[in-house]
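Asker: Pasted the sequence and its predicted model underneath.
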Amino acid sequence: MVFRPAPGAREDAVNPPEQRPSRPIVVVTGTGAVTGFGWGVVPLFEALARGERAFRTIARFDHARHRTHLAAEVPAAGRPAALAGLPHADAFALFAAEEALDAAGLARQGLGIDVGIFFASSTGNMVEAERFFAQLTATGGRRARAGLLASQPCSGPAEAIARRTGAAGPSETVSAACASGSMSVARALDALRLGECEVALAGGSDSLCQLTYGGFNALRAVDPVMTRPFREGREGLSMGEGAGVLVLETLEHAEARGATPLAILAGAGVSCDASHMTAPHPEGAGAVRAMRDALADAGLHPEEIDFVNLHGTGTPLNDEAEWAALVTVFGARARQIPVASTKALIGHLLGSAGAVEAVVTIGALREGSLHPTPGGGPPAEPPSPRTPVRIGLGAPLAVPGARFALSVNFGFGGANAALVFERPGEGA
């Protein structure tokens, strides 16, 4: 069993140092990403720093009968020829995994039994399954390309990575709606602490499809303009797609091969609201538990967190529940702590949201700056008085010397996950 202190407590308050269970330090040595800004971490970080938004008219499928028409679709330009013909979510996952492995200084192939894959997806390659169905109905049930169904399961992206890289350790797929990406990283943390593998590829991948786009539109959860998290007049989320991957390993393993850590994954917490199928608990009760468990796992007090990358979907219910959770965890400091919503720029990536936002959080720690959070209206438009977060509207928020950051994600069914990242010191 993984050691978990009581919620809200520091490790040294629960177990003094001489009695505390020994566990390895887990570090991030590589990251990779695919988003509506393009293929790679560099285009993502550059666009975020400028406060750009990746939303455009959908080209993937016919959206004429939907009530909204925008999404942060991954551009076809920049897709490597080696990934041509692959299902979208598999291609996103493979690119991000190989980019992360390159950054970590690890081989792309022949990884072996000591490397595990802990991945997330909400729909797998559903868009290819939709094309199979369209072909079938168009021919009166006589003919459709069966290969379109080969990678449809949620486990498809993880399996594609395993086949390409030869990672033969544990391979697990988390599908817990929009908290999946963060949960996969949390699971990898546990696996490395328990010695189940020496290196873990943790992340998630999802592609746009009519099932999810139509579903969110039917719920009236999509903003017809663009998502405006924590803003007065916000109407919902904007959808996106892509993948994020972290290479995780113990500090001892990284030092033995001469790798430089980008960040320390200091703690994680997960929970369930056990409340409603689609709506968050109005007081953010499950979110509070996840954040407090993550802090306790990292041995931190709330006041030691320097900034938070919020779930920040822009839906009225989620933003207010998230604000309530922040107040419970951080008290009066909830109004002062710097926050960001990456979804305001790249959209909601569903099962891969937490993975990509973890990559962004690590980048913010290293740069000492939180990206701007635009979202309709003039940049000076204030946050909603019901959610008075300190968010960088139209301009970055400087967080010089930031050491600890919290990245949080919540999903349908009440799933919640929180991750604590630490900027490495001189000795790490």
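Answerer: Looks like it came in fine. Numbering: from 1, shown residues only.
Asker: alpha carbons only for contacts and neighbour counts from here, please
Answerer: Will do.
Asker: what about residue 329, helix or strand, and which?
Answerer: For residue 329, the enclosing helix or strand under DSSP states H and E is helix 316-330.
Asker: From the chain's centre, how far out is that helix? Work that out for me.
Answerer: Shown here is helix 316-330, whose average C-alpha point lies 19 Å from the average C-alpha point of the whole chain (C-alpha atoms, centre = their mean, to the nearest Å).
Asker: which parts of that helix are buried?
Answerer: By neighbour count, and taking 16 or more other C-alpha atoms under 10 Å as the criterion, the buried residues in helix 316-330 are 316, 318-330.
Asker: Stretch 81-96 now?
Answerer: Residues 87-96 are the ones in stretch 81-96 that count as buried (16+ other C-alpha under 10 Å).
Asker: Check what pLDDT residue 132 gets.
Answerer: At residue 132, the predicted lDDT confidence score is 72.
Asker: again with residue 411
Answerer: The model reports residue 411 with a pLDDT of 85.
Asker: How about residue 118?
Answerer: Residue 118 carries a pLDDT score of 98 in this model.
Asker: I figured it hits residue 197, correct?
Answerer: No: under the contact definition of C-alpha atoms under 8 Å, residue 118 does not touch residue 197, with a separation of 11.0 Å.
Asker: shared neighbours, the two?
Answerer: Contact with both residue 118 and residue 197 is made by residues residue 170, according to C-alpha atoms under 8 Å, 6 or more residues apart in numbering.
Asker: which of the residues in stretch 215-226 are buried?
Answerer: The neighbour-count check on stretch 215-226 (16+ other C-alpha under 10 Å) flags 216-217, 220-226 as buried.
Asker: and what of stretch 393-413?
Answerer: The neighbour-count criterion (16+ other C-alpha under 10 Å) identifies 393-397, 399, 402-413 as the buried residues of stretch 393-413.
Asker: Residue 361: how many residues sit nearby?
Answerer: Per other C-alpha atoms under 10 Å, the neighbour tally for residue 361 reads 28.
Asker: Residue 386: what's it in contact with?
Answerer: Residue 386 is in contact with residue 320, counting by C-alpha under 8 Å, 6+ apart.
Asker: which one is residue 232 nearest to, not counting chain neighbours?
Answerer: Excluding the flanking residues, the one nearest residue 232 by C-alpha to C-alpha, 6 or more residues apart in numbering is residue 384, at 4.3 Å.
Asker: related to what we said a few turns ago, output the buried residues of stretch 81-96 in CSV; the columns should cover secondary structure.
Answerer: Supplementary listing: the buried residues of stretch 81-96 in CSV, determined by DSSP: H, G, I helix; E, B strand; the rest coil:
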residue, secondary structure
87, coil
88, helix
89, helix
90, helix
91, helix
92, helix
93, helix
94, helix
95, helix
96, helix
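Asker: Nearest to residue 48 among those residues?
Answerer: For those, the minimum distance to residue 48 (C-alpha to C-alpha) is 17.7 Å, reached by residue 96.
Asker: Regarding the nearest residue to that closest one once chain neighbours are set aside, what is its secondary structure?
Answerer: Excluding its sequence neighbours, the residue lying closest to residue 96 (C-alpha to C-alpha, 6+ apart) is residue 32, at 4.2 Å. Under three-state DSSP, the three-state class of residue 32 is strand.
Asker: How many neighbouring residues does residue 32 have?
Answerer: A count of neighbours around residue 32, defined by other C-alpha under 10 Å, yields 29.
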